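**Q** everything below, folded, please.
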Amino acid sequence: MTVWTALATVACGSSPEAESDASATESTTAGTSEDTSSSDASSGSDSTAGTESGSTDGTGSSGSDSDATSDPTTEGTQTDSDATSEPTTDSDATSDPTTDSDATSDPTTDSDATSDPTTDATTDATTDTDSGTDTDSGTETDTGGFNPLLDTPNLWYAVHQSLIYIEINPADGTVVQLVHNQLLADIPLVQGQNGLTMLEDGSLLGSRESVNGTQIYHIADPPMTPNTTADAIVLGMVPSDLMNQPPLRIEALYTDCDGRVYLMDTGVDVSNPIGNRLLRFTGDYLGGDLAFEVITDLQNASVGDIDDMSPGIVNGDINDKDGFAMDSSFLWSIDYTTGTGMELAQTDGTWGIHALGGPLFDDDKARLYILSMGNDNTGAELFEVDLNDYSNSAALVEGPDLNLNVGTNGWSGLAGPLTDCVTLLPQ
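**A** Presented below is the predicted three-dimensional model:
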């Protein structure tokens, strides 16, 4: 495998070891209960998740190893283990998308059928009667290739059995709405650090880290509407590339401008940079092949213990090599191929970070967002970062209080679309 010499440190939020709550949970949006329904497919790419800083504070900011119990948010607690629930059933747990397919068109009535060149929508737009809108989910996929998850600003985070969608206003970057849905996997997800990234088709790829290894899961159709279960498929556990070593502990996922997916290996634990590496999938990961190559050795980085990664903004454009990173409220710039970076500011965010490109906004200006961890009685908060002085705004929205036994309400990376860009990461 290719090994790139570099200096970057990646360590993430505390990952208290716990079993996942197998019970399906009833999600709430602004205090209202949500039932399961279907949602349609979408497309895109992004960067996410992260690693925790090597220190903790009394607010619950994690930086200790998953096995430690010093974090007040985790001490003496363990996850509940209710009976597993059928994906089709409504859930009643703390937190937490579905697939759907269009009916086959009748060539005699649908102008999108390709059997008659005179009625093929690709050659004669005046005869196209297909609106391109899937009526089950409202996601347009035919008209001009429009997909709201790729062509409009949006952000996502996932904690335990919850998936949270945040719609961003393209006019000014403020929040339009926050939608909280149940996350239900075919195999129970562990309750641990969550990595999240958006793929080229708008689907979401997630990771769940624990002392026993890391699950990789896929949400083919992330729901943008309330009362819509987010159905996830667990693709497997990230293997170790070292002889007689346990599965790797992955704390963050990241997608580059070519759609390739990267993983942040936390090494021996989640509180220091020893063994940290930037990895990249080489196999058909959606088919369960989780083979990878090493891109950068990160254990001797000049940046802090990184909790989450984001693409950068260089001359107003999205850049996948010179990105942003969060280290327990500290915002950094970082070159992902060398690990070198510079501390930019201390913020009100904690772990999650993601940049949205200018083409997603009316003013064509890129924007940077960060997510706080929340605590026992407040949800995670979303902020926008001023790119001039790197100060952050007041909270744009507060997510739900998930009543977790382990972890915090913002125990996740932040994901969203990447927009068009040219990769500068090694081939």
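**Q** I figured G416 hits L150, correct?
**A** No - using C-beta atoms under 8 Å, G416 is not in contact with L150; the gap is 10.0 Å. The C-beta positions use only the backbone N, C-alpha and C, and glycine is treated the same way.
**Q** of these two, who's got more company?
**A** A side-by-side neighbour count of G416 and L150, using other C-beta atoms under 10 Å, places G416 first with 29 against 21.
**Q** list the contacts for the more buried one?
**A** Counting by C-beta atoms under 8 Å, 6 or more residues apart in numbering, G416 makes contact with 44, 46, 153-156, 198, 354, 356, 369.
**Q** from A185, how far out is it?
**A** 22 Å (C-beta to C-beta, to the nearest Å).
**Q** and if you look at G259?
**A** Counting by C-beta to C-beta, the gap from G259 to A185 is 23 Å.
**Q** next: T337.
**A** Going from T337 to A185 by C-beta to C-beta gives 33 Å.
**Q** which of those two has more residues huddled nearby?
**A** Applying other C-beta under 10 Å to T337 and A185 shows that A185 carries more neighbours, namely 24 against 18.
**Q** give me the phi and psi for the more buried one.
**A** phi -100, psi 160 (degrees, to the nearest 10).
**Q** quick check: it touching Y217?
**A** Yes - counting by C-beta under 8 Å, A185 does reach Y217; the two are 5.7 Å apart.
**Q** and the strands in the stretch 251-400 of the chain?
**A** For the stretch 251-400 of the chain, the strands defined by DSSP state E, counting those that start in this stretch cover 261-265, 277-281, 292-297, 308-314, 317-327, 330-335, 341-346, 352-356, 367-371, 381-385, 397-398.
**Q** what touches both of A185 and Y217?
**A** Joint contacts of A185 and Y217 (C-beta under 8 Å, 6+ apart) are 232-234.
**Q** neighbour-wise, which one of these leads?
**A** Most surrounded of the shared contacts of A185 and Y217: other C-beta under 10 Å gives A232, at 27 neighbours.
**Q** retrieve the pLDDT associated with that one.
**A** Note for A232: predicted pLDDT of 98.
**Q** hang on, the earlier thing: now, which of the contacts of G416 sits nearest L425?
**A** Distances from L425 to those, taken as C-beta to C-beta, are shortest for D46 (14.3 Å).
**Q** tell me the mean pLDDT over stretch 393-400?
**A** 96.
**Q** and that stretch, end to end?
**A** Criterion C-alpha to C-alpha, to the nearest Å; first-to-last residue distance in stretch 393-400 is 20 Å.
**Q** how about that stretch: buried residues?
**A** Neighbour counts over stretch 393-400 (16 or more other C-beta atoms under 10 Å) mark 395-400 as buried.
**Q** stretch 240-252 too?
**A** Residues of stretch 240-252 classed as buried: 247-252 (neighbour count, 16+ other C-beta under 10 Å).
**Q** possible to save those as CSV with distance to N377 and pLDDT?
**A** What follows is the buried residues of stretch 240-252, written out as CSV (distance: C-beta to C-beta, whole Å; pLDDT from 0 to 100):
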residue, distance to N377, pLDDT
P247, 34, 88
L248, 34, 91
R249, 29, 89
I250, 30, 90
E251, 26, 86
A252, 27, 88
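**Q** and the two most separated of those residues?
**A** When C-beta to C-beta is used, the two most widely separated members of the buried residues of stretch 240-252 are P247 and A252, lying 16.1 Å apart.
**Q** quick one: residues contacting P311.
**A** 46-47, 257, 318-320, 323-324, 354-355, 418, 421.
**Q** please tell me which one of the residues you listed counts the most neighbours.
**A** Within the contacts of P311, neighbour counts (other C-beta under 10 Å) peak at S47, which reaches 34 neighbours.
**Q** I'd assumed M326 was in contact with G349.
**A** Yes - proximity of G349 to M326 meets the contact threshold set by C-beta under 8 Å, at 6.1 Å.
**Q** what do these two both touch?
**A** In contact with both G349 and M326: I370, using C-beta under 8 Å, 6+ apart.
**Q** between the buried residues of stretch 393-400, which sits nearest D363?
**A** L396 (17.1 Å).
**Q** wait, isn't that closest one in contact with V175?
**A** Yes - under the criterion of C-beta under 8 Å, L396 makes contact with V175 at 4.5 Å.
**Q** anything in contact with each of the two?
**A** L382.
**Q** circling back to that earlier point, among the contacts of P311, find the lowest-pLDDT one for me.
**A** Looking at these, model confidence by pLDDT dips furthest at S47: 37.
**Q** buried ones in stretch 402-411?
**A** 402, 404-411.
**Q** can I get that stretch in PDB? Just the C-alpha atoms.
**A** Only the C-alpha atoms of stretch 402-411 are listed here, as PDB (Å, rounded to 0.1, in the frame of the first residue of the first chain):
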ATOM      1  CA  LEU A 402     -31.400  12.600  23.000                       C
ATOM      2  CA  ASN A 403     -31.300  11.500  26.700                       C
ATOM      3  CA  LEU A 404     -28.200   9.400  26.100                       C
ATOM      4  CA  ASN A 405     -26.800   7.000  28.700                       C
ATOM      5  CA  VAL A 406     -23.300   7.400  27.100                       C
ATOM      6  CA  GLY A 407     -21.800  10.300  25.100                       C
ATOM      7  CA  THR A 408     -23.200  13.700  24.200                       C
ATOM      8  CA  ASN A 409     -25.900  15.100  21.900                       C
ATOM      9  CA  GLY A 410     -23.300  16.200  19.400                       C
ATOM     10  CA  TRP A 411     -21.100  13.100  19.400                       C
END
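**Q** can you give me the helices for this protein?
**A** For the chain, the helices defined by DSSP state H cover 148-151.
**Q** where are the low-confidence patches of it?
**A** 1-144, 271-273, 300-301, 303-304 (pLDDT under 70).
**Q** mind doing that once more with 50?
**A** 1-143 (pLDDT under 50).
**Q** out of the buried residues of stretch 240-252, which is nearest to P226?
**A** Nearest member of the buried residues of stretch 240-252 to P226, counting by C-beta to C-beta, is A252, at 28.2 Å.
**Q** ok, what's across the strand from G213?
**A** For G213, the beta-bridge partners are S210 (DSSP bridges).
**Q** so it sits right up against G236, yeah?
**A** No - using C-beta under 8 Å as the test, G213 is too far from G236 to be in contact (9.9 Å).
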